[in-house]
Every structure is written in C-alpha cells, then in structure tokens.
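1. Provide a 3D model corresponding to the input given below.
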Amino acid sequence: MDKETVVVGMSGGVDSSVAAWLLKEQGYDVIGVTMQIWQKEEREAQEEKGGCCGLSAVDDARRVAGALKIPYYVMNFREEFKECVIDYFVQEYLEGRTPNPCIACNRYVKWESLLKRSMDIGADYIATGHYARVERLKNGRYSLRTSISGEKDQTYALYNLTQEQLSRTLMPIGGYSKEEVRKMAGDIGLSVAGKPDSQDICFVPDGDYGSYIQEHAGKEILPGDFVLSDGTVVGRHRGIAHYTVGQRKGLGLSLGRPVFVLEIRPELNEIVVGSGEESMSSYVRAENVNFMSVSDLEGPLRVRAKIRYNHKGAWCMVEKTGAGEILCTFDEPVRAVAPGQAVVLYDGEYVLGGGTITGAR
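-> Numbering: from 1, shown residues only. Below is the predicted model of the structure:
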C-alpha cells in the first residue's frame, strides 16, 4: 500500500516543526510548505518581531525540513491573504467592529487555499501545528476536540472550518502539552526547540492597529466624540479605528471613575462609553454560523460559549433565530461582547459550532 502524503504548513516555529516530525514518524510522506503571505519584505523588522509569516520563518522552516530530510517549498498566498484577511480586517474596524483576522486566515488561506493547492499536487491531507484534535464522531460528522493542553487550546480560532476541510486535516500535536512539544524538539535536535511563540497579529507586528488601519484605509480616519449612553459628550477620540468594545485603557478620559467602550457608532463617528456594569450582556446574537459537531440545531441546547479567544467560556442556552443566526442566553452576564468577534460553542470537549457576533444586550 502506498504511503499517504501530507503537506505540513510550517511556520518556522516549534509546533509545526514537531508536527512534521511526528507525521514522518507515523509513516506519512511529508512535504513542508511555508505560506508566503506577508506584504512588506522588510527583513530586519520581520526578524526582530518574528511571527508566523516573516522572512525569518522561511529560514527556520527550511532548516527544520533539511534536518527532517523532507521536501520543502514556499508557496505564494499574498493575493489571498490581502483580500481575505487584510482588507477584511481594515473594513471591519472602519465599520465599528472588532475582527479576528486569525479566524479569517485559518478558514480562507491556511485551509481553503493551501488545501486546494495541496490536493492539486496529489496530497491526501494537510497538517498544522495547532493545539487541537480532529475527530470523526459517531454521527459521521468531523469536529474539533479541545487540546489536552487547555491553556494552549486553539479550537476557538478554527471553529469556521468546513467538513471537507476537517476530513483532510491532521493536527498531530493536539494530544501533547507545549512542554512535551518543546522536549521532543530538543530531543531530536531541532534548532527551533527554544524559539519563542509568535505574538500579536502577524501583519501588525508593533500592535498599533489604529495606525495600520489609517495607512491602509484609503481615507482619513477623523476624530470624533466620546459620549455617554444618554448622548452627553465627555471627550474626543482619535478615530474609531483606534478603539474596540470593552476597551478601558488608553481612552484619555478623566471622568473620576473607570469607563469602558460600550459601542462604536461609525455613522455618527461616536464612541459610547460607560460603567463596567453597563458593559455586561446576558444575550449575544451571531450570524454566519458554521455548525461542526452537528449539521444543525434541532432545538435549544445548553452549551459553553467563548466570546473571545482568551475567554474562559461561560454557560448559555443557544437557539436558532433564523438561517445562519443564533441567540445565546447566558446564565450570568458576560463582559465586553464585541461585534465582529466570534462566539464559539462547546458541547463538552467538542466544538458544536460558532458564528460572528452581531450584537449583545
């Protein structure tokens, strides 16, 4: 029987490097690929900040592939990345929402585009170094199971993968802790064993989202008013792209009490601020829902939901309110629900599905 071939997306980090090694050990024909998605080839900046898509990532990934004795290629995905990630990221902020570009990148670039090219060259699977597990359930559906390393679990950012994508995906490190992955890398002599994890959004390495959006928006982002819920003007903001719902620090307001961003109103160029109590929500609505462990909701279901990547999750009842739309009613109010982010639903250890948050109250 011929060996099955898997294309491993190699970022130059320890996780994807160990993923490639594990798959080779398991008997697959492994091909390493780094996705060239950056827009500015500034070697010094990329090497200083690192990240999953800098030029230094190619050098590290190539060295690892050489050590593992596997073929290695760099594939150009700049066009897909600009359209599906950067343009989306900028437009969402201009419309007062808080996007998660990693979710878009995973769904449309790292999976949709990479999977297609990999199938075109005869591969059977693609694989990544994500902390998650792909499993086929008794109902025949594919779903993501949370990583055994809870603090590293990355299922939230992968909720939007399709059944076809999951059926062609391997995630070999989901059953290990980060410490175990680093130890494996050290034991087999990989140069990236101690490489730090990438941080922040890869195409905004300095973390200044507002300035990045201003540079790429194609129009001037104007200052406007901070207002209270009753319309009282309490200050001036620098432009809506510099803020997100739930933000408390960096507002530049002196009201004698802590205030949070409650709402962003792009049509009025206003940012509504208020108390911590006002930032709590019991109901969260979402659209563009992707179901994973089930094909659809047959009725209200009690699940655990995460409203942002680093949210621990909270119990709620979820029900459908229309085609591709859901309403989550939380047992206890949750703080700082940001439109544009994802709400991801968990049935035990498995991802039930998720969608893009449209509003909360």
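2. going forward, measure contacts between C-alpha atoms and count neighbours the same way
-> OK.
3. Just the CA atoms of the strand or helix carrying Gly32, as CSV, please.
-> Secondary-structure assignment from DSSP states H and E places Gly32 in strand 29-36. Only the C-alpha atoms of strand 29-36 are listed here, as CSV (Å, rounded to 0.1, in the frame of the first residue of the first chain):
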residue,chain,number,x,y,z
ASP,A,29,5.2,11.1,3.1
VAL,A,30,5.7,14.6,4.5
ILE,A,31,6.1,17.8,2.4
GLY,A,32,6.9,21.0,4.3
VAL,A,33,5.4,24.2,3.0
THR,A,34,5.7,27.8,4.2
MET,A,35,2.9,30.1,3.1
GLN,A,36,4.3,33.4,1.9
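4. what's the one helix or strand Val134 maps to packed up against?
-> Assigned by DSSP H and E, Val134 falls within strand 132-136. With contacts taken as 3 or more Cα pairs under 8 Å, 6 or more residues apart in numbering; DSSP states H and E, strand 132-136 sits against strand 142-146, strand 169-170.
5. Adding mean pLDDT, mean neighbour count and distance to Ser198 as columns, could you present those in JSON lines?
-> Below are the helices and strands packed on strand 132-136 laid out as JSON lines (pLDDT from 0 to 100; neighbours: other Cα atoms under 10 Å; distance: least, Cα to Cα, whole Å):
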{"stretch": "strand 142-146", "mean pLDDT": "98", "mean neighbour count": "25", "distance to Ser198": "21"}
{"stretch": "strand 169-170", "mean pLDDT": "98", "mean neighbour count": "23", "distance to Ser198": "21"}
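6. related to what we said a few turns ago, tell me the helices and strands packed up against the strand holding Gly32.
-> For strand 29-36, the packing partners by 3+ Cα pairs under 8 Å, 6+ apart come out as strand 5-9, helix 14-25, helix 55-68, strand 72-76.
7. Mind listing residues that contact the second one?
-> Defining contact as Cα atoms under 8 Å, 6 or more residues apart in numbering, one finds that helix 14-25 is touched by 8-11, 30, 32, 61, 64, 68, 127-130, 171-173, 181-182, 184-185, 192-195.
8. Can I get the buried part of those as one PyMOL selection?
-> In PyMOL syntax, the buried subset of these is picked out as below (16 or more other Cα atoms under 10 Å):
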select buried, resi 8+9+10+11+30+32+61+64+68+127+128+129+130+171+172+173+181+182+184+185+192+193
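9. Surely Glu80 and Lys110 touch.
-> No - the pair Glu80 and Lys110 fails to qualify as a contact (Cα atoms under 8 Å) at a distance of 9.9 Å.
10. Those two: which is more packed in?
-> A direct count of neighbours by other Cα atoms under 10 Å for Glu80 and Lys110 places Lys110 higher, at 21 against 17.
11. part of a strand, is the more buried one?
-> No - per DSSP: H, G, I helix; E, B strand; the rest coil, Lys110 lies outside any strand segment and is helix.
12. Contact partners for it?
-> Counting by Cα under 8 Å, 6+ apart, Lys110 has contacts Gly9, Met35.
13. ditto for Val181
-> Neighbour list for Val181: Val14, Asp15, Val18, Ile173 [criterion: Cα under 8 Å, 6+ apart].
14. Ok, Val284 next?
-> The contact partners of Val284, by Cα under 8 Å, 6+ apart, come to Leu327, Cys328, Thr329, Val337, Ile357, Thr358, Gly359, Ala360, Arg361.
15. Val337 now?
-> Contacts of Val337 (Cα under 8 Å, 6+ apart): Val245, Gly246, Ser279, Met280, Ser281, Val284, Ile307, Gly359, Ala360.
16. May I see the helices and strands packed on strand 132-136 organised as CSV, with distance to Lys320 added?
-> Putting these into CSV (distance: least, Cα to Cα, whole Å) gives the following:
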stretch, distance to Lys320
strand 142-146, 20
strand 169-170, 29
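17. for those, which one sits closest to Gln163?
-> Closest approach to Gln163 among these is made by strand 142-146 (6.0 Å; Cα to Cα).
18. so what pLDDT did Asp197 get?
-> Note on Asp197: pLDDT of 84.
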